[in-house]
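Participant: Need coordinates for the following:
(one chain, ligands or ions: 1)
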Amino acid sequence: MLERLDRIEKEATRELEVARDDEALQAWKVKHLGRSAELGTIFDGLRELDKDERRAVGKRVNEVKTSLEAAYQARLERLRQEGLDRSLREERLDVSLPGRPLPRGRLHPANQMLRQILTVWSEMGFQIYRSREVETDDYNFGLLNMPPHHPARDMWDTFFTTDPGVVLRTHTSPGQIHVMRERAPETIRVVLPGMCYRYEQITSRAEIQFNQVEGLAVGRTITLSDLKGTLNAFARRIFGEQVRTRFRADHFPFTEPSGEMDIECFLCGGEGCSVCKGTGWLEILGCGMVHPTVLTNGGYDPNEFNGFAFGLGPERVAMLKHRIEDIRYFWTNDMRFLEQF
Ligand code: FA5
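Facilitator: Below you'll find the model as predicted:
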């Protein structure tokens, strides 16, 4: 019996040495130290032995069991240590490596410009007012002094919808009527930003979708000088104190008199180049004194009230400020362009 115990100890020890993972170790434990292990059977059979033999074998069974348990613990510890060493060796972490940069989203350059422009106007006391992008024909044209079939409607190539009388706004000017009808007879000082749509030939300076910022001031003593002074103050805040501007007479049915404001060309410094088509100036906005008919349509008595209005293109302003040569970059989603802002 004692030899059998020696054999069990020897075999179990040998098997333990080749157990290389948790699974094998577990199987070994069940086989040699579990309920139906050979060692247990000997233990159960002790009572059938005579007294002296029972003492000797019992002692030896306990010794073997204790030694196997100790060997199991040692092996378990060793395997854990080996696993730890291996993972430290193979999955080594270089804490001095620079981290991987997480790409951060940012504002689109058109929105950055729009926000900058709106900040300037709000600092100058203009309230920001939102207005709809889908308009009725009446708001986009009729109430702005362009009744049906008026030839001036052709100044804007319009996207019509399948609903008769509903269009995508071609400019932010219909917002003037919304504000006036909401505020009359109070005085007004607002800007209305937003997207406009025109069925136009796309070129380096014209898109079919672009932002505008409309401005409207209504009061009792507003003059053309107020309009010019306000727009010049705006230009200085956006382009710097040195900026040169000029006003040209123009025609819009909803203002009288009407004009356009140009900024001196950034590329040639006013000498004339391909960007400014040789003129030395770049147009950024249309403006004028609000037409009496428009004031009336907005709910104001033109004998008592007057006002000025303007509509500027933020993308055109951004092109000037950042020397962007082609407006199409704004909406082609080219990351090489967008990441520069
Ligand atoms: C108008 O849209 C008038 N509603 C502006 C106005 C408002 C005049 C109030 C008087 C009183 P115009 O079509 O010129 O005018 O456009 C105004 C500005 O929008 C232009 O100066 C330009 O900066 C911008 N803009 C016009 N068309 C485009 C286009 N296709 N792509 C990009 N920007 C444009």
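
Participant: Excluding residues flanking it in the chain, which one is nearest whatever residue of the stretch 1-150 of the chain ends up closest to the ligand?
Facilitator: Of all residues in the stretch 1-150 of the chain, Leu144 sits closest to the ligand, at 8.1 Å by Cβ to the nearest ligand atom. All C-beta spots, glycine's among them, are computed from the backbone N, C-alpha and C. Nearest-residue entry for Leu144: Phe254, 4.1 Å, with adjacent residues in sequence omitted and distances by Cβ to Cβ, 6 or more residues apart in numbering.

Participant: Next, the one you found: phi, psi?
Facilitator: Note on Phe254: its backbone torsions stand at phi -100, psi 0 [degrees, to the nearest 10].

Participant: So which bits of the stretch 151-300 of the chain are right by the ligand?
Facilitator: With Cβ under 6 Å from any ligand atom as the criterion, the stretch 151-300 of the chain meets the ligand at residues 171, 173, 198, 200, 206-207, 210, 212, 214, 252, 255, 258, 283-288.

Participant: And the residues you listed, which of them are buried?
Facilitator: Burial by neighbour count, 16 or more other Cβ atoms under 10 Å: within those this picks out 171, 173, 198, 207, 210, 212, 214, 252, 255, 258, 283-288.

Participant: Show me the residues you listed that map onto strands.
Facilitator: Taking DSSP state E, the ones among these that sit in strands are 210, 212, 214, 252, 255, 258, 283-288.

Participant: Nearest residue to the middle of the chain?
Facilitator: For the chain, the residue sitting closest to the mean C-alpha position, by Cα atoms, centre = their mean, is Gly105 at 4.6 Å.

Participant: so what pLDDT did that residue get?
Facilitator: For Gly105, the model assigns a pLDDT of 87.

Participant: and it, that's in a helix?
Facilitator: No: secondary structure of Gly105 (DSSP: H, G, I helix; E, B strand; the rest coil): coil, not part of a helix.

Participant: ok, now which ones touch it?
Facilitator: Residues touching Gly105, when contacts are defined by Cβ atoms under 8 Å, 6 or more residues apart in numbering, are absent altogether.

Participant: how far away is it from His322?
Facilitator: 20 Å (Cβ to Cβ, to the nearest Å).

Participant: ok, Met195 - how many residues close by?
Facilitator: Counted with other Cβ atoms under 10 Å, residues neighbouring Met195 total 13.

Participant: Buried residues in whichever strand or helix holds it, which are they?
Facilitator: In this structure, Met195 is located in strand 188-197 according to DSSP states H and E. Neighbour-count burial for strand 188-197, counted by 16+ other Cβ under 10 Å, picks out 188-194, 196-197.

Participant: Please apply the same query to stretch 141-155.
Facilitator: 141-146, 153.

Participant: Return the list of strands paired to the strand holding Met195, each annotated with direction.
Facilitator: Under the criterion DSSP bridges, strand 188-197 sits next to strand 127-128 (parallel), strand 209-219 (antiparallel) in its sheet.

Participant: pLDDT weak spots in this structure?
Facilitator: Within the chain, the set of residues satisfying pLDDT under 70 comprises 275.

Participant: Might you calculate how far stretch 328-339 sits from the centre of the chain?
Facilitator: Relative to its chain's centre, stretch 328-339 lies at 14 Å (Cα atoms, centre = their mean, to the nearest Å).

Participant: Against the ligand - does that stretch have any residue that ends up touching it?
Facilitator: No: under the criterion of Cβ under 6 Å from any ligand atom, the ligand is not reached by stretch 328-339; the shortest gap measures 9.0 Å.

Participant: For that stretch, measure first residue to last.
Facilitator: Between the opening and closing residues of stretch 328-339 we find a distance of 16 Å, counting by Cα to Cα, to the nearest Å.

Participant: what packs against the longest helix anywhere in the chain?
Facilitator: Secondary structure assigned by DSSP state H gives helix 51-90 as the longest helix of the chain. In terms of contacts (3 or more Cβ pairs under 8 Å, 6 or more residues apart in numbering; DSSP states H and E), helix 51-90 is packed against helix 2-18, helix 22-33, helix 38-44.
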